[in-house]
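Q: The following block contains a protein sequence and its predicted model.
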Protein chains: 2
Amino acid sequence: MGKSAVAKPTNGSNSVAGALRNFGEHLADNGLRFTSERRAIAVALFETDAHLEAEELLLRLRRSGSRVSRATVYRTLDLLVAARLARKVRLGTDHNLFEHILGRRQHEHMVCIGCGQVIEWFDPQMDRIVERNTKEQGFTATRYTVQVFGRCANCAESDS
Amino acid sequence: MGKSAVAKPTNGSNSVAGALRNFGEHLADNGLRFTSERRAIAVALFETDAHLEAEELLLRLRRSGSRVSRATVYRTLDLLVAARLARKVRLGTDHNLFEHILGRRQHEHMVCIGCGQVIEWFDPQMDRIVERNTKEQGFTATRYTVQVFGRCANCAESDS
DNA sequence: ATCCGTGCAAAGGCTTTGCAACGTG
DNA sequence: CACGTTGCAAAGCCTTTGCACGGAT
């Protein structure tokens, strides 16, 4: 398990530059090209800490003038995941969300079923629990995800 | 959180009868009918401890002579989930799996990316971790799920 | 030239839904 | 007779893919 990254400030503009460089290297290493479309998509994902669906990302790109296609968005997001610069997560809906992992440490999610808000959380004990239980089964874990559903403070309050 | 059920032997034929009764009550409470199709689908789900996709369930039903439609399978599975007799889970694929919860205690899953095997596990500390972290956020959790991906003992071994 | 990348539209795969026919209370 | 149910096929949705065109090496 535990590639528990060092805690870093979340997403400063300089780290975006670094991540772009990493993406470029990953592409080069695989004989792929760092096109303007790929760059635009990577930047759009890197510049937000939100969990975006492909469609929303496409929208943002279009609003900022990029004319990339939906297909390229999906293809590039897969590349970013392969490059370990992004994560694809499923939070109770029928579609995928993408989040970058620029200097963000490993974390899990809480999803408010009232307003949809997503809260990130991290507990150092999670690794231990997973490790203990997988070892017990002779299982070698490579990754795990936890999703908690419920109501956030605001929504719980407005439950009259 | 914690509706951590009492641990009971998994799925004896008598508990199936009980669950069918519960299902019938749930339907009656909501002005719905306990049809032969619904009964057949419930039984098919109750009699296995596996995690089934709707299609597989449909196949089993057809093999055993029931001529239910795919639509009815989906509709009934939703009813079973609403009745809290089944759970719908997503284990890394693009489709849902269903599992009954007859006297099964709360549990999480480990999925082998080699052979697809699903191992159930439970750790009493999970509840505490979730409780502690949600409380910290003023979040009221109603449920949570954990999925661990990796290789099972067999598959890890055959990694030459 | 070769090979990778893009856009578009079509195809895919799972799931839901509209609708007419059907059965029960 | 009313109303819930079912089956079928069609529609929906997100995501992937085939293909021809274009660009970079």
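A: Yep, that arrived.
Q: backbone phi and psi for A:E47, please?
A: phi -80, psi 0 (degrees, to the nearest 10).
Q: And for the closest residue to it other than its chain neighbours, the neighbour number?
A: Leaving aside its chain neighbours, A:E47 sits nearest to A:V16 (6.5 Å; criterion: C-beta to C-beta, 6 or more residues apart in numbering or on different chains). Glycine gets a C-beta too; all of them are placed from N, C-alpha and C. Using other C-beta atoms under 10 Å in any protein chain shown, A:V16 is surrounded by 17 other residues.
Q: Quick check: A:V16 is in a helix.
A: Yes: secondary structure of A:V16 (DSSP: H, G, I helix; E, B strand; the rest coil): part of a helix.
Q: Secondary structure element holding the residue nearest the centre of chain A?
A: With distances taken as C-alpha atoms, centre = their mean, chain A has A:E99 as the residue nearest its mean C-alpha position (2.1 Å). Using DSSP states H and E, A:E99 sits in strand A:97-100.
Q: mind exporting that strand as PDB, just the C-alpha atoms?
A: Coordinates of the C-alpha atoms in strand A:97-100 are reproduced here as PDB (Å, rounded to 0.1, in the frame of the first residue of the first chain):
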ATOM      1  CA  LEU A  97     -15.100  12.100 -12.000                       C
ATOM      2  CA  PHE A  98     -11.500  13.100 -12.400                       C
ATOM      3  CA  GLU A  99      -9.300  14.900 -10.000                       C
ATOM      4  CA  HIS A 100      -5.700  15.900 -10.300                       C
END
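Q: how much space between A:E37 and DNA strand D?
A: Relative to DNA strand D, A:E37 is positioned 11 Å away (C-beta to the nearest atom of the strand, to the nearest Å).
Q: Kindly report the same for A:L97.
A: From A:L97 to DNA strand D the distance is 8 Å (C-beta to the nearest atom of the strand).
Q: A:N154 too?
A: Taken as C-beta to the nearest atom of the strand, the span from A:N154 to DNA strand D is 25 Å.
Q: For A:I119, which non-adjacent residue is closest in space?
A: Per C-beta to C-beta, 6+ apart, closest to A:I119 is A:M110, 4.3 Å.
Q: Can you give me the buried ones in the lengthiest strand in chain A?
A: As assigned by DSSP state E, the longest strand anywhere in chain A is strand A:140-151. For strand A:140-151, a neighbour-count test (16 or more other C-beta atoms under 10 Å in any protein chain shown) marks A:140-141, A:144-151 as buried.
Q: all helices of chain A, in order?
A: A:13-29, A:36-46, A:54-63, A:70-82, A:124-137, A:153-157 (DSSP state H).
Q: what's next to the fifth one, contact-wise?
A: Around helix A:124-137, the neighbours that count as contacts under C-beta atoms under 8 Å, 6 or more residues apart in numbering or on different chains are A:1-2, A:4, A:108, A:140-141, A:144, A:146, B:110, B:119, B:121, B:123, B:125-126, B:129, B:146, B:148, B:150, B:152-153.
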